[in-house]
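[1] Sequence first, then the predicted structure:
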Amino acid sequence: MILVLLGTQNNSFHRLLEEVDKNIKDGTIKEEVIVQSGYTKFQSHRMRIIDLMSKEQLAEFQEEATLIITHGGVGSIVSSIEKGKKVIAVPRMHEYGEHVNNHQKEIVEDFNNKGYIIGIKKVEDLKDAIIRSKKFEPKKYQPNNKKMLEIIENFIDKI
């Protein structure tokens, strides 16, 4: 099962679900797909879409998932990699009205550079990332709260 996490921001991330749907349709994704969509309203008979999940339900789905595709939110990424899951992360982008700024781009890049996830910059790169995930072995997550706080503080200072 593949779990897609869009977080709970009150902005849509329609682009990512369109790309996931396209990858199911073309056969790149063959497994069941469960989506935690938050405020993203999307209709598809190819995915099971749940607006919001309880923490317990989310944890169950994360445990069951063979792959997690997520937005670039720290909470979604960290809770998935702490479970040792393969994660593909895609940043929400300000220019598409998906977030207030582009801080998720740097978050995804940082986790990718450390080998914890497969981070992609554009939703169009999802297909290649899914194929790469088959052989991807994520590094065991080592929290570095000091570095993460530094990144977050830098974004706040820029606002």
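    Great, that's in hand.
[2] How about S79, nearest residue that isn't a chain neighbour?
    By the measure of C-beta to C-beta, 6 or more residues apart in numbering, the closest residue to S79 outside its immediate chain neighbours is Q62, 6.6 Å from it. In this view, the C-beta of every residue, glycine as well, is placed from N, C-alpha and C.
[3] Flag every buried residue along the helix or strand containing the one you found.
    Here Q62 sits within helix 55-64, counting by DSSP states H and E. Counting neighbours by 16 or more other C-beta atoms under 10 Å, one finds that the buried residues in helix 55-64 are 58, 61-62.
[4] And for stretch 104-115?
    Here stretch 104-115 shows 104-105, 107-112, 114 as buried, counting by 16+ other C-beta under 10 Å.
[5] quick one: it to chain centroid distance?
    Going by C-alpha atoms, centre = their mean, to the nearest Å, the spacing between the C-alpha centre of stretch 104-115 and its chain's C-alpha centre is 12 Å.
[6] any residues touching that stretch, and which ones?
    The set of residues external to stretch 104-115 that reach it, using C-beta atoms under 8 Å, 6 or more residues apart in numbering, is 71-74, 77, 81, 89-93, 117-121, 138-139, 147-148, 151, 155.
[7] Can you show me the CA trace of it as PDB?
    Extracted C-alpha coordinates of stretch 104-115, given in PDB (Å, rounded to 0.1, in the frame of the first residue of the first chain):
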ATOM      1  CA  GLN A 104       9.200  23.300   2.100                       C
ATOM      2  CA  LYS A 105      11.700  23.300  -0.800                       C
ATOM      3  CA  GLU A 106      14.600  23.700   1.500                       C
ATOM      4  CA  ILE A 107      13.200  21.200   4.000                       C
ATOM      5  CA  VAL A 108      12.800  18.500   1.300                       C
ATOM      6  CA  GLU A 109      16.300  19.300   0.000                       C
ATOM      7  CA  ASP A 110      17.800  19.000   3.400                       C
ATOM      8  CA  PHE A 111      16.300  15.600   4.200                       C
ATOM      9  CA  ASN A 112      17.100  14.400   0.600                       C
ATOM     10  CA  ASN A 113      20.800  15.500   1.000                       C
ATOM     11  CA  LYS A 114      21.100  13.500   4.200                       C
ATOM     12  CA  GLY A 115      19.800  10.300   2.500                       C
END
